[in-house]
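Please work out how this folds:
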Amino acid sequence: MDEMDVSATQSQRENIRIIGLELSRSIASEKVLQKKCIKKVLKNYIRPYVK
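A predicted model of the protein is given here:
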């Protein structure tokens with residue numbers, strides 16, 4: 001491989017790493033949001049039955 005191929009390969013690896021980090025962050029945010037929604041639904045569902 002010549003220098004351009006090595007540089008392109010390194011760039012692709014870095015892009016893949018960045019995409020992986022962004023995807024992980026997005027999944028984590030989605031889980032937090034989902035947990036908040038579940039808590040709110042349960043709170044609203046249980047509230048009428050608690051005296």
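
On the secondary structure side, give me the element for Arg25.
Take DSSP states H and E as the rule and Arg25 turns out to sit in helix 3-46.

model confidence over that helix, on average?
Averaged across helix 3-46, the pLDDT comes to 92.

quick one: that helix to chain centroid distance?
Centroid displacement of helix 3-46 relative to its chain, using CA atoms, centre = their mean, to the nearest Å, is 2 Å.

swap in stretch 36-51?
So, by CA atoms, centre = their mean, the centroid of stretch 36-51 is 26 Å from its chain's centroid.

what comes up buried for it?
When neighbours are counted by 16 or more other CB atoms under 10 Å, no buried residue of stretch 36-51 is found. The C-beta positions use only the backbone N, C-alpha and C, and glycine is treated the same way.

Only C-alpha atoms, please: export it in PDB.
Provided in PDB are the C-alpha atoms of stretch 36-51 (Å, rounded to 0.1, in the frame of the first residue of the first chain):
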ATOM      1  CA  LYS A  36     -38.400   8.400  32.200                       C
ATOM      2  CA  CYS A  37     -41.400   7.700  30.000                       C
ATOM      3  CA  ILE A  38     -42.000   4.400  31.700                       C
ATOM      4  CA  LYS A  39     -41.800   6.000  35.200                       C
ATOM      5  CA  LYS A  40     -44.300   8.700  34.200                       C
ATOM      6  CA  VAL A  41     -46.700   6.100  32.800                       C
ATOM      7  CA  LEU A  42     -46.500   4.000  35.800                       C
ATOM      8  CA  LYS A  43     -46.900   7.000  38.100                       C
ATOM      9  CA  ASN A  44     -50.000   8.100  36.300                       C
ATOM     10  CA  TYR A  45     -51.400   4.600  36.200                       C
ATOM     11  CA  ILE A  46     -50.800   3.800  39.900                       C
ATOM     12  CA  ARG A  47     -51.700   7.200  41.300                       C
ATOM     13  CA  PRO A  48     -55.500   6.700  41.100                       C
ATOM     14  CA  TYR A  49     -55.300   3.500  43.100                       C
ATOM     15  CA  VAL A  50     -53.100   4.900  45.900                       C
ATOM     16  CA  LYS A  51     -55.000   6.600  48.700                       C
END
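
Give me the neighbour count for Ser11.
Ser11 is flanked by 10 other residues according to other CB atoms under 10 Å.
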